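Participant: Here is my input, please return the structure:
(4 chains)
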There are 2 protein chains.
Amino acid sequence: MQVAAHLTRRIVSGDIEDGRAPSELDISQEFGVSRVVARETLKILASLDIVDVAQGRRVVVRPRAEWDYLSPLLIEWLPTEIVGELLQELDQLRVLLEPELAAMAAASVTDDTLDRLRDGIDRMSALEADPDAYLEVDHEFHMEICRAANNRILDRIMYSARWLGTASRRITNEAPAALRSATADHTEIYEALVARDPAGARAAMRKHLSNNSTLLAEKAQQTKRAARRR
Amino acid sequence: MQVAAHLTRRIVSGDIEDGRAPSELDISQEFGVSRVVARETLKILASLDIVDVAQGRRVVVRPRAEWDYLSPLLIEWLPTEIVGELLQELDQLRVLLEPELAAMAAASVTDDTLDRLRDGIDRMSALEADPDAYLEVDHEFHMEICRAANNRILDRIMYSARWLGTASRRITNEAPAALRSATADHTEIYEALVARDPAGARAAMRKHLSNNSTLLAEKAQQTKRAARRR
DNA sequence: ATGGTCAACTTGTCCGATAAGCTGATGATA
DNA sequence: TATCATCAGCTTATCGGACAAGTTGACCAT
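Facilitator: Below is the predicted model of the structure:
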C-alpha cells in the first residue's frame, strides 16, 4: 500500500513521461522491496484503472479520465489539492441528483427510516462541537435518503463521498457556524419527508446542497490563496 | 484474473456465509494455484472494496453497498442478470444528470466539439446495421457532451457506463429499430447545441434518455421472462 | 528493401522459508 | 469461581531464487 501510494503520487505529479510506467524491477529497486511486492502494487494500480499491465509488454499509465476516482484508496493517495477539486466536482453531481432523490424518498419513506433520520438530526445537533463525528452522522443522513432509490451505483458514489469528505477535512477544519445552518437544513428536509411532500423535499434538499456548495467554493478559494502565499 | 472472477462469482452467489471469505491457503488449494497468485487475487478484490484483508485476521467480505460497481473488472465478473440491473440503475442516474449537463454544454460548446458530435452522428447513421460499433460511437457522443462539465467523477461514471453497456449487450442484442430512433434523438440534441439553446438541449436529452429507459426496462422484462422459462 | 530468426527484456507462476500480527484456549492467581 | 496473563496455532506480509511465456527490436539472410 505504501509503495502504491508513493508510486501514484509520482505518476500524478507528472514525474513519469507519457505512458511509460516503471517496470516491476524498477519498482523493486527504487523502493527497496522484493519483486513480489512490486507485482502486488501493480495489481492494485491496475484494478484502479491507473495502469495497464500485460505479459511481455511494459506497464503503461492509463488516461486519467478513466481512473477510479471513487476509490477510497486512490482518494487517500491523491494530494489534498486534487481531493478538494474532486470534492467540488462530486458536489456538482450531488446537486443534480439528491434533490430528485429526496423527492422520490418523500413518496416512499417508511416510518422506520423517518425514525432513523430524526435520530440523526438529534445526534448532529448534539455534535456541533465535534466536526469529525458530525460529518459522519451527516453522511449517514444523506445516505439514508439515497437508499430509497435502491441504486447500487448511487450507494457507491455516496460511500466514496464520505471518504472524500474525511480526506478533505483532514486538512481544513469545518467552520462551526456552518454546522448549525446545516442542522436547520436537515430539519427542513426531514419535515418535508414526514409530510410526504416531494416538492418540499426537493426544494429543501436543493437549498441545503447549494449552501454546501458555496461553502466548498469558499474553502477552495482559501486553500488556493494559502497555496499562493506558500 | 481468472481466479478473481471465479471467486467473485462465488461470493455473489452467496456461497460464502456471512463475511468469512476464503484464506490465501483456501484459495490456492481450491483453485490449484500458488499462494502468490492467491495473494494477488485478494489484493485485487481488496482494491475493489469487495473484501477486507489485514495481517493476522481472516479475510472478510465487505458490505455490497460499498463494492466498486463502476469497475470494469467487477462488471465483467458479475452475472449478466446483475449487469442488467446495474445498467438500469445507472440509467436512473443518467436521466437525472445528463439533461442538465446537456444544458450546460449548450452554453459553452466549442465549434470543435460540435464538429466531433456531427461526425459521430454521421458515423452512427452509417452503422445502424452493426450494433457493436454503433454503441461505441453512441457512448463517444454522450461522453463528448459530458466533457463540458470538466468533472472527473462524471468521466469515470460515463467510462464505466460503456463497459456496462458492452457487458450487457454481449447477451441481448439491440433491436435495429431502436437505433434509428436514437439517431433522430441525437440529431435533435446536436441541433439544440448548435443553436446554443440550453432549454432545448435539456429537453432533447431528457427525451432521448427516457426512450432509452423504456427500452432497457423492456429488455429487463424479457430476460426475466426468459429466466422464468428456464 | 523485405522478411524471418533470435536474443534480451518483461510479466506470470511456482516453491520454500521467515517475520509479524491476531485469536482463542490454557493455566495461574486472587 | 472469576479474572487475567501467556502461549500455541493460524493467518497475512515479505523475501529470494528459479523457470515459463509473451513481446519487442535488432540482426541477418534473401
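
Participant: How is the residue of chain A positioned farthest from its centre assigned, secondary-structure-wise?
Facilitator: Computed with CA atoms, centre = their mean, the residue of chain A farthest from its C-alpha average is residue A:56, at 36.3 Å. Following DSSP: H, G, I helix; E, B strand; the rest coil, residue A:56 is assigned to coil.

Participant: Which pLDDT value belongs to residue A:48?
Facilitator: In this model, residue A:48 is scored at 98, pLDDT.

Participant: Quick check: residues of chain A near chain B?
Facilitator: Counting by CB under 8 Å from any CB of the partner chain, chain A comes close to chain B at A:36, A:39-40, A:43-44, A:46-49, A:64-73, A:85-86, A:89-90, A:92-93, A:96-97, A:100, A:149-157, A:159. Every residue, glycine included, has its C-beta placed from N, CA and C.

Participant: cutoff 6 Å now
Facilitator: With CB under 6 Å from any CB of the partner chain as the criterion, chain A comes near chain B at residues A:40, A:43-44, A:47-48, A:65-66, A:69, A:73, A:89-90, A:92, A:96-97, A:100, A:151-153, A:155-156, A:159.

Participant: Going by residue numbers, what spans are helices in chain A?
Facilitator: Ranges of helices in chain A, per DSSP state H, are A:2-12, A:24-31, A:35-47, A:72-77, A:80-108, A:111-126, A:131-146, A:152-169, A:176-194, A:198-229.

Participant: Could you export these as TSV, including mean neighbour count and distance to residue B:104?
Facilitator: Output for the helices of chain A, formatted as TSV (neighbours: other CB atoms under 10 Å in any protein chain shown; distance: least, CB to CB, whole Å):
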stretch	mean neighbour count	distance to residue B:104
helix A:2-12	18	27
helix A:24-31	16	41
helix A:35-47	21	32
helix A:72-77	21	25
helix A:80-108	20	10
helix A:111-126	15	32
helix A:131-146	19	23
helix A:152-169	21	19
helix A:176-194	18	25
helix A:198-229	16	15
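
Participant: closest to residue B:25 out of those helices?
Facilitator: Residue B:25 lies closest, by CB to CB, to one member of the helices of chain A: helix A:35-47, at 16.8 Å.

Participant: do the closest one and DNA strand C meet at all?
Facilitator: Yes. Judged by CB under 7 Å from any atom of the strand, helix A:35-47 comes into contact with DNA strand C at A:35-36, A:39, A:42.

Participant: Taking chain A, what residue is nearest to DNA strand D?
Facilitator: Nearest to DNA strand D in chain A, going by CB to the nearest atom of the strand, is residue A:56, at a distance of 2.4 Å.

Participant: which stretches of chain A aren't confidently modelled?
Facilitator: Filtered on pLDDT under 70, chain A yields the residue ranges A:17-19, A:171-177, A:230.

Participant: Residue numbers of it in contact with DNA strand C?
Facilitator: By CB under 7 Å from any atom of the strand, the residues of chain A that approach DNA strand C are A:23-25, A:35-36, A:39, A:42, A:53-59.

Participant: repeat that for 6 Å
Facilitator: By CB under 6 Å from any atom of the strand, the residues of chain A that approach DNA strand C are A:23-25, A:39, A:53-56, A:58-59.

Participant: was I right about residue A:125 contacting residue A:181?
Facilitator: No. With contact defined as CB atoms under 6 Å, residue A:125 does not reach residue A:181; the gap is 11.9 Å.

Participant: returning to what we had before: could you pull up phi and psi at the residue farthest from the centre of chain A?
Facilitator: Backbone torsions of residue A:56, given as degrees, to the nearest 10, read phi 90, psi -40.

Participant: Is it possible to get CSV of the helices of chain A that adds distance to residue B:196?
Facilitator: Listed next are the helices of chain A as CSV, based on distance: least, CB to CB, whole Å:
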stretch, distance to residue B:196
helix A:2-12, 36
helix A:24-31, 49
helix A:35-47, 41
helix A:72-77, 36
helix A:80-108, 21
helix A:111-126, 42
helix A:131-146, 34
helix A:152-169, 31
helix A:176-194, 35
helix A:198-229, 25
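
Participant: which stretch among these comes nearest residue B:139?
Facilitator: The minimum distance between residue B:139 and those falls on helix A:152-169, with 16.4 Å, by CB to CB.

Participant: Check which helices and strands that closest one is in contact with.
Facilitator: helix A:72-77, helix A:80-108, helix A:131-146, helix B:80-108 (3 or more CB pairs under 6 Å, 6 or more residues apart in numbering or on different chains; DSSP states H and E).

Participant: Need these in TSV (columns: distance to DNA strand D).
Facilitator: Formatted as TSV, these follow (distance: least, CB to the nearest atom of the strand, whole Å):
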stretch	distance to DNA strand D
helix A:72-77	13
helix A:80-108	25
helix A:131-146	26
helix B:80-108	26
